[in-house]
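1. Model the following, please.
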Amino acid sequence: MQNEKITIENVNTPGQNTNVRADKYNDMCDALLKILPTAPNSLTYTDMRDAAKLHLCADLFPNGKTAGWWAKTVQLDLEAKGRITRLPTKPLTFQKTLRPISPFRNILGVWGLAPNRSDDKVIVNSFNKNSADQYRCSTGPAAARAPV
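-> Numbers count the residues shown, from 1 in each chain. This is a model prediction of the structure:
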């Protein structure tokens, strides 16, 4: 499983994807989603990282080694996907997103939350399932012809 990769996003650099180890990503993702609260509570990055360390697999992260890098990497990816929210506080704090997440791009091509209004449309061209059971949606000229 060490050679299996997953493609991640970064909220700070939209459109730039990176391949990382799936086992470490999934372990850190599970830990962060387990410890992050929902509104009105939130955690600073430091608190989030430290709390997640307690839930990590010792074989993948012996003595918490590299856990800080992985926590930041997964945090940025989860933000890009709309699964967690960065609050405009000082210091920055994070919480789980309350609304359901759509695995589709909306008509503006942005990943994230499902549209609120019934007149909003989701444009879908094709799906590609990657090794972590997360769905990617590609849009393009054929997307306008796809059924909604």
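
2. can you count the residues close to residue 38?
-> Under the neighbour criterion other Cβ atoms under 10 Å, residue 38 is assigned a count of 11. For the C-beta atoms, the positions are set from N, CA and C on the backbone; glycine is no exception.

3. repeat for residue 29
-> The burial metric for residue 29, expressed as a neighbour count using other Cβ under 10 Å, is 23.

4. How much space separates it from residue 86?
-> Separation of residue 29 from residue 86 (Cβ to Cβ, to the nearest Å) stands at 16 Å.

5. repeat for residue 97
-> To residue 86, residue 97 is 10 Å away according to Cβ to Cβ.

6. Skipping adjacent residues, who's closest to residue 12 in space?
-> When the adjacent residues along the chain are set aside, residue 12 lies closest to residue 76, with 6.5 Å between them (Cβ to Cβ, 6 or more residues apart in numbering).

7. Just the element for the one you found, please.
-> helix 67-80 (DSSP states H and E).

8. and that helix, C-alpha only, in PDB?
-> Once side chains and other backbone atoms are set aside, the C-alpha atoms of helix 67-80 remain, and they are given as PDB (Å, rounded to 0.1, in the frame of the first residue of the first chain):
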ATOM      1  CA  ALA A  67       2.600  14.400  11.200                       C
ATOM      2  CA  GLY A  68       2.900  18.200  11.000                       C
ATOM      3  CA  TRP A  69       3.500  18.200   7.300                       C
ATOM      4  CA  TRP A  70       0.700  15.700   6.700                       C
ATOM      5  CA  ALA A  71      -1.700  17.600   8.900                       C
ATOM      6  CA  LYS A  72      -1.100  20.800   6.900                       C
ATOM      7  CA  THR A  73      -1.300  19.000   3.500                       C
ATOM      8  CA  VAL A  74      -4.600  17.300   4.400                       C
ATOM      9  CA  GLN A  75      -6.000  20.500   5.900                       C
ATOM     10  CA  LEU A  76      -5.400  22.400   2.700                       C
ATOM     11  CA  ASP A  77      -6.900  19.500   0.600                       C
ATOM     12  CA  LEU A  78     -10.000  19.300   2.800                       C
ATOM     13  CA  GLU A  79     -10.400  23.000   2.500                       C
ATOM     14  CA  ALA A  80     -10.200  22.900  -1.300                       C
END
